[in-house]
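K.L.:
Sequence unavailable; structure follows:
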């Protein structure tokens, strides 16, 4: 399979349009159609319906393989590029919403003070996007957080080739409206909340699938989906009765109309890990070392 044809296929599916995919890729619509036709001929299967534009059953199966394949190709290109040319003067960080902390801000400020020419940037995004940014060279390092058992690493697909280590570990809390009947409890058991209504916020909170796995039970249903990474915005939805969610206990302090109650069973913590390539830039390596020593 031609990687460029795969990339075109993914763009067509993502944009639900041949013409929109062509604009996004900088191709003509005719070229996009030729790529799809060549890929379908190669695999001897129809991959995309035309009206509406959507993947067929075979196309859906190919999509499961195409995204990680293209990511690995982009990661390989970025890895080789790092060996050929350093990027002095840049420190680009991608981080999930709950990963920023005073320690991270202080370490970043120290790095800037040590080199006034250093152009630093911080982009808040979801977990998979943060990992992808480091793999593809868009970021020099990433801070990613999530809920795990105290001795387990974060489950981060596609991050096997990156160096990772924990820089913080804090109690995980359930966020409840201030008037919720359980808001006065000193602690809560996660399985006891399985029947509650939750907010599905995979980029700003612990994904509901991980809560089900941790509690070893079904449930954790939702009627509200939050697509974004702003923890304060998510807190407003909790306060208004939209459902429950989770956060690191320190991050929940001060959210208006919200009470944070620690989870004591099962033993689950909120961990922040730093990820960087095997050959980080000097600025990224310095920041990583400062955070490693300060944890």
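P.N.:
All right, it came through fine. Owing to the predicted nature of the structure, the values given are computational and were not obtained by experimental measurement. Numbers count the residues shown, from 1 in each chain.

K.L.:
going forward, measure contacts between C-alpha atoms and count neighbours the same way
P.N.:
Will do.

K.L.:
Next up, the contacts around residue 225.
P.N.:
By CA atoms under 8 Å, 6 or more residues apart in numbering, the contact set of residue 225 is 199-201.

K.L.:
from the residues you listed, which single one is nearest residue 98?
P.N.:
Distance to residue 98 across the contacts of residue 225 (CA to CA) is lowest for residue 201, with 12.6 Å.

K.L.:
which residues of the stretch 51-200 of the chain score low on pLDDT?
P.N.:
Applying pLDDT under 70 to the stretch 51-200 of the chain flags residues 83-88.

K.L.:
Determine the next helix or strand in the C-terminal direction from the helix ranked longest in the chain.
P.N.:
Using DSSP state H, we find that the single longest helix of the chain is helix 57-84. As assigned by DSSP states H and E, the chain's next helix or strand after helix 57-84 is strand 90-95.

K.L.:
just how off-centre is that next one within its chain?
P.N.:
Once both centres are worked out by CA atoms, centre = their mean, to the nearest Å, strand 90-95 turns out to sit 15 Å from its chain's centre.

K.L.:
Likewise for stretch 192-209?
P.N.:
Using CA atoms, centre = their mean, the offset of stretch 192-209 from its chain centre is 16 Å.

K.L.:
And the contacts of it?
P.N.:
96-98, 125-127, 146-147, 212, 217-231, 234, 238, 242-247.

K.L.:
And the residue nearest the centre of the chain?
P.N.:
residue 127 (1.2 Å; CA atoms, centre = their mean).

K.L.:
For it, give its distance to residue 112.
P.N.:
The spacing between residue 127 and residue 112, counted by CA to CA, to the nearest Å, is 25 Å.

K.L.:
Among the contacts of stretch 192-209, name the buried ones.
P.N.:
Among those, those classed as buried by 16 or more other CA atoms under 10 Å are 96-98, 125-127, 146-147, 212, 219-222, 226, 228-231, 234, 238, 242-247.

K.L.:
ok, back up a step: identify each buried residue in the longest helix of the chain, please.
P.N.:
By neighbour count on 16+ other CA under 10 Å, the buried set for helix 57-84 is 59, 62-63, 66, 70, 72, 75, 78-79, 82.

K.L.:
what's the neighbour count on residue 102?
P.N.:
For residue 102, the neighbour count with other CA atoms under 10 Å is 8.

K.L.:
quick thing: my sequence starts at 605, can you match it?
P.N.:
Sure, I'll start counting at 605 from here, so that last one is residue 706.

K.L.:
Could you pull up phi and psi at residue 787?
P.N.:
Residue 787 adopts backbone torsions of phi -70, psi -20, taken as degrees, to the nearest 10.

K.L.:
which residues does it contact?
P.N.:
Per CA under 8 Å, 6+ apart, neighbours of residue 787: 780-781, 863-865.

K.L.:
One more: residue 767?
P.N.:
879-882.

K.L.:
switch the cut-off to 10 Å
P.N.:
By CA atoms under 10 Å, 6 or more residues apart in numbering, the contact list for residue 767 reads 745, 877-884.

K.L.:
could those be laid out in a markdown table, adding neighbour count, secondary structure and distance to residue 809?
P.N.:
Shown next, in a markdown table, are these (neighbours: other CA atoms under 10 Å; DSSP: H, G, I helix; E, B strand; the rest coil; distance: CA to CA, whole Å):
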| residue | neighbour count | secondary structure | distance to residue 809 |
| --- | --- | --- | --- |
| 745 | 31 | strand | 21 |
| 877 | 20 | strand | 15 |
| 878 | 22 | strand | 18 |
| 879 | 28 | strand | 19 |
| 880 | 25 | strand | 22 |
| 881 | 25 | coil | 25 |
| 882 | 12 | coil | 28 |
| 883 | 14 | coil | 30 |
| 884 | 21 | coil | 28 |
